[in-house]
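Novice: Quick one: sequence plus predicted model below, questions after.
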Amino acid sequence: MTDVTEVDNAVKAGIRARIDEVATELVALSRRIHAHPETAFEEHRAAAWCAEALRTHGFAVTAPAYGLPTAFEARAGSGPVTVALACEYDALPGMGHACGHNLIAAAGVGAALALAPYADELGLTVRVLGTPAEESGGGKALLLDAGAFDGVDAAMMIHPCPFDVADFHSYAMGSLDVTYTGKSAHAAMNPQDGRNAADALTVAQVALGLLRQHLPGDWKVHGITTEAGTALNAIPERAHAGYALRTPSAPELRELRARVEDCFRAGALATGCEVDLAQPSPDYLEFRSDPGLVTLWTANARALGRPEPEVRGPFASTDMGNVSHVVPSIHPVLNIGATGCGPHQPEFTAAAATEEAERAMLEGALGLAWTAADFALAGSATSGPADV
């Protein structure tokens, strides 16, 4: 009788060989997405390229999917254990792929292509989800609400970084759009008739600066002003800013939002302007790595010769956190050789298109596929996520 270990080794060897077969295709996909950056909910080309790569290799593809024009779903296999591989592909405005989502998309496609020939042998259904708008918009939160992760036993993705982490943690994050409406007037002739929307925003920013001394050190408030007048000699009648709020957990995020919104209301009160506070995207929940999946991933990363994973607290936010509250999930990060920079810097855009980054992407694809195979063979015996 053939034992499970022998089957496991044979399948893993086949998965590795499959990654080698499609490596050139995956690198080309990554480079193509990198060269044509598209921002949140505008990723029509990237989504189509990923979907077509999967369709060409026999996956059943639905595109668009779940009510989002730049989302897709691809399936292969018919086993009782379902693993979802998340492909992100949105870029940052003005920076291109400074978060390396081109590598994430290619790794997810690669893991799926490697698993497909062995899916039925493993008792596995492979589900690939093209997930738009991670940088802003909360695409995975919207997909989760639409049922994209229903019936999924484990969800996986990798993320490029300047270091390796297996047990990933993230901040909960909320978004806030602020619009002040005042009254225009000539800045010299009749300023007394104006209501200065830019001043309202200034007052609010001063209040936020004073608030920070009373916040826990791991609560973060940061944002940008996108509009604050158009002419030096006219009182600005409109000002706009976008802010992000981060805390270690969702309950803390709700408390921080209330305090920050009061600062913006203070700006309106002080200047006689009106203020509109809006939440443009769903809250991102803190990511909860599944311990069992982390153990499987770590063993496979070591087998690939990856650096020993670092232990780090939260350093980013992701809508994959929302998925992790419902489905056992992992989100390991991989060092792509970025020296002296991190995600969301222009230098990282360049790093995400290097040969070293592409090697990490291929190893990430192989590690995800091996981890999914281990998960299926183990009968999905992981601890599962904690309740929200």
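Specialist: Great, that's in hand.
Novice: roughly how far is stretch 62-78 from the heart of the chain?
Specialist: Distance, stretch centre to chain centre, for stretch 62-78: 18 Å (Cα atoms, centre = their mean, to the nearest Å).
Novice: got the end-to-end distance for it?
Specialist: Stretch 62-78 has an end-to-end distance of 16 Å (Cα to Cα, to the nearest Å).
Novice: One more: stretch 306-315?
Specialist: In stretch 306-315, first residue to last residue: 21 Å (Cα to Cα).
Novice: Not counting it itself, show me its contacts.
Specialist: Under the criterion Cβ atoms under 8 Å, 6 or more residues apart in numbering, residues 163-167, 169-171, 218, 246, 248, 286, 298, 301-302, 332, 334-335, 363, 367 lie in contact with stretch 306-315. In short, each C-beta sits where N, CA and C put it, glycine included.
Novice: With stretch 232-239 instead?
Specialist: For stretch 232-239, contacts defined as Cβ under 8 Å, 6+ apart pick out 179-188, 191, 194-198, 200-201, 225, 227-230.
Novice: and L129, how many neighbours?
Specialist: Close neighbours of L129, defined as other Cβ atoms under 10 Å, add up to 25.
Novice: Show me where the stretch 51-200 of the chain has its strands.
Specialist: Along the stretch 51-200 of the chain, the segments classed as strands by DSSP state E, counting those that start in this stretch run 60-62, 72-76, 81-87, 124-130, 154-156, 159-161, 172-181.
Novice: which other residues reach the first one?
Specialist: If I follow you right, that is strand 60-62. Residues outside strand 60-62 that contact it (Cβ under 8 Å, 6+ apart): 51, 54-55, 72-76.
Novice: If you rank those residues by neighbours, which is first?
Specialist: Going by other Cβ under 10 Å, A74 tops those with 28 neighbours.
Novice: give me every residue that touches that one.
Specialist: By Cβ under 8 Å, 6+ apart, the neighbours of A74 are 51, 54-55, 59-62, 112, 127-128, 130.
Novice: what's the closest non-adjacent residue to A116?
Specialist: A76 (4.1 Å; Cβ to Cβ, 6 or more residues apart in numbering).
Novice: Kindly report the same for G139.
Specialist: Closest to G139 by Cβ to Cβ, 6+ apart is A133, at 3.8 Å.
Novice: For that neighbour, give its distance to E261.
Specialist: 24 Å (Cβ to Cβ, to the nearest Å).
Novice: how much does the helix or strand of the chain with the lowest mean pLDDT deviate in direction from strand 81-87?
Specialist: When the helices and strands of the chain are compared on mean pLDDT, DSSP states H and E, helix 4-35 comes out lowest with a mean of 92. Here helix 4-35 runs at an angle of 20 degrees relative to strand 81-87 (axes from the mean of the first three to the mean of the last three Cα atoms, to 10 degrees).
Novice: What is helix 4-35 packed up against?
Specialist: Packing partners of helix 4-35 (3 or more Cβ pairs under 8 Å, 6 or more residues apart in numbering; DSSP states H and E): helix 44-56, helix 101-115, helix 119-122, helix 355-377.
Novice: Could you identify which of the ones you listed is most buried?
Specialist: Most buried of these by mean neighbour count (mean count of other Cβ atoms under 10 Å) is helix 101-115; its value is a mean of 30.
Novice: re the thing from before, make TSV from the helices and strands packed on helix 4-35 and add mean pLDDT to it.
Specialist: Listed next are these as TSV, based on pLDDT from 0 to 100:
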stretch	mean pLDDT
helix 44-56	98
helix 101-115	98
helix 119-122	96
helix 355-377	98
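Novice: Identify whichever of the ones you listed lies nearest to T318.
Specialist: Between T318 and the helices and strands packed on helix 4-35, the tightest spacing by Cβ to Cβ is seen for helix 101-115, at 10.6 Å.
Novice: isn't G194 right up against A200?
Specialist: No. Here G194 lies out of contact with A200, judged by Cβ atoms under 8 Å, at a distance of 11.7 Å.
Novice: coming back round to it: in helices, which of the contacts of stretch 306-315 fall?
Specialist: Among the contacts of stretch 306-315, the members falling in helices (DSSP state H) are 298, 301-302, 363, 367.
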